[in-house]
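Asker: Build me a model from this:
(one chain, ligands or ions: 1)
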Amino acid sequence: MPTPVLELRGVTFRREGREILHVVDMTVHAGERWALLGPNGAGKSTILGFCGARTHPTSGTVHVLGHRLGRVDVQELRREIGHVNPRHPLESALTVLELVLTGITGTIETPPRWSPTLEQRERAEELIREVGLSERLLARWPTLSQGERGRALIARALIAEPRLLLLDEPTTGLDLAARERLLETLDDLSVGPAETTSVLVTHHLEELPETTTHALLVSGGAVVASGPVEESVTTETITRAFGYPIGVERVGGRWNARSLRGRRLEGAGVA
Ligand SMILES: Nc1ncnc2c1ncn2[C@@H]1O[C@H](COP(=O)(O)OP(=O)(O)OP(=O)(O)O)[C@@H](O)[C@H]1O
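Answerer: Below is the predicted model of the structure:
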């Protein structure tokens, strides 16, 4: 069995005298697309922090790309991880092209006196085309819609050819068409290198890309379900994770969720 891309074993996390995560285990292999699901405050972002080598556990072990956190230069490790953060802290008015190129330098702003090679520029343009932003190539960051920013940030992450892609609520706040477009962009990544492995955080089942292969459901810092998505995302597990009766249905590859309060559980084709 090849070395997993991510391995969390018996991970706990304590802050201000409170245990935020209780014994989390998770193993992600190359090519898998994971979703981290759960209600507000469940611990999803904290887990994503381990995956991105940004947070260390209080106890237990975390291996990222075969390296154990605490025994590796995290700066170097982070270069192999693409992190799409909707709260990208860019302050200057970079164009889409310039923004994507900062994925090569691993910086937020364009470093002084740095300029791309012709090859790097062409690669950036190719990725911008792939995420459907060719017409906005020279548009500046402050003028981009939230959906355009999301897609530009995905291209920025991909240009560094990461072995692991982390997506923190990439569709939050997008209108319906922008959300669908971004999900299509994520689904299309599966035609890229087979090794592209991803972990996506969301609260909403409707925001899961069709290509999701596995899910980890957390609630109150504990794992409710984990494994292949068909087994881990069901009416029973989602109801347990969110503490509310929610029916889950998968239609045409995508998921729907709705309250079962006042409805009968049987029938309705729930998963
Ligand atoms: N550094 C910290 N210090 C103290 N408490 C923290 C810290 N980081 C996270 N927490 C707490 O841990 C819990 C889990 O937080 P986390 O952000 O991981 O949840 P989440 O599932 O991502 O939530 P949301 O869906 O609301 O973003 C929350 O109660 C949060 O307030």
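
Asker: neighbours of the residue in the stretch 101-250 of the chain that the ligand sits nearest to, just the number please.
Answerer: Closest residue of the stretch 101-250 of the chain to the ligand, C-beta to the nearest ligand atom: residue 203 (5.7 Å). Every residue, glycine included, has its C-beta placed from N, CA and C. Residues near residue 203, counting by other C-beta atoms under 10 Å, number 14.

Asker: Wait, it touches residue 40, no?
Answerer: Yes. Residue 203 is in contact with residue 40 according to C-beta atoms under 8 Å; the separation is 7.1 Å.

Asker: Okay, helices next: where are they in the chain?
Answerer: 44-51, 74-78, 96-105, 118-130, 146-159, 176-188, 229-232, 235-242 (DSSP state H).

Asker: With mean neighbour count added, can I get those helices in CSV?
Answerer: Formatted as CSV, these follow (neighbours: other C-beta atoms under 10 Å):
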stretch, mean neighbour count
helix 44-51, 22
helix 74-78, 14
helix 96-105, 22
helix 118-130, 16
helix 146-159, 23
helix 176-188, 17
helix 229-232, 16
helix 235-242, 19
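
Asker: can you list the ones you listed in a markdown table and add distance to residue 11 and mean pLDDT?
Answerer: As requested, those are arranged in a markdown table below (distance: least, C-beta to C-beta, whole Å; pLDDT from 0 to 100):
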| stretch | distance to residue 11 | mean pLDDT |
| --- | --- | --- |
| helix 44-51 | 7 | 95 |
| helix 74-78 | 16 | 87 |
| helix 96-105 | 29 | 95 |
| helix 118-130 | 33 | 94 |
| helix 146-159 | 24 | 91 |
| helix 176-188 | 26 | 87 |
| helix 229-232 | 18 | 96 |
| helix 235-242 | 18 | 96 |
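
Asker: As a markdown table, those helices with distance to residue 111 would be great.
Answerer: Below are these laid out as a markdown table (distance: least, C-beta to C-beta, whole Å):
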| stretch | distance to residue 111 |
| --- | --- |
| helix 44-51 | 26 |
| helix 74-78 | 15 |
| helix 96-105 | 5 |
| helix 118-130 | 13 |
| helix 146-159 | 15 |
| helix 176-188 | 27 |
| helix 229-232 | 40 |
| helix 235-242 | 43 |
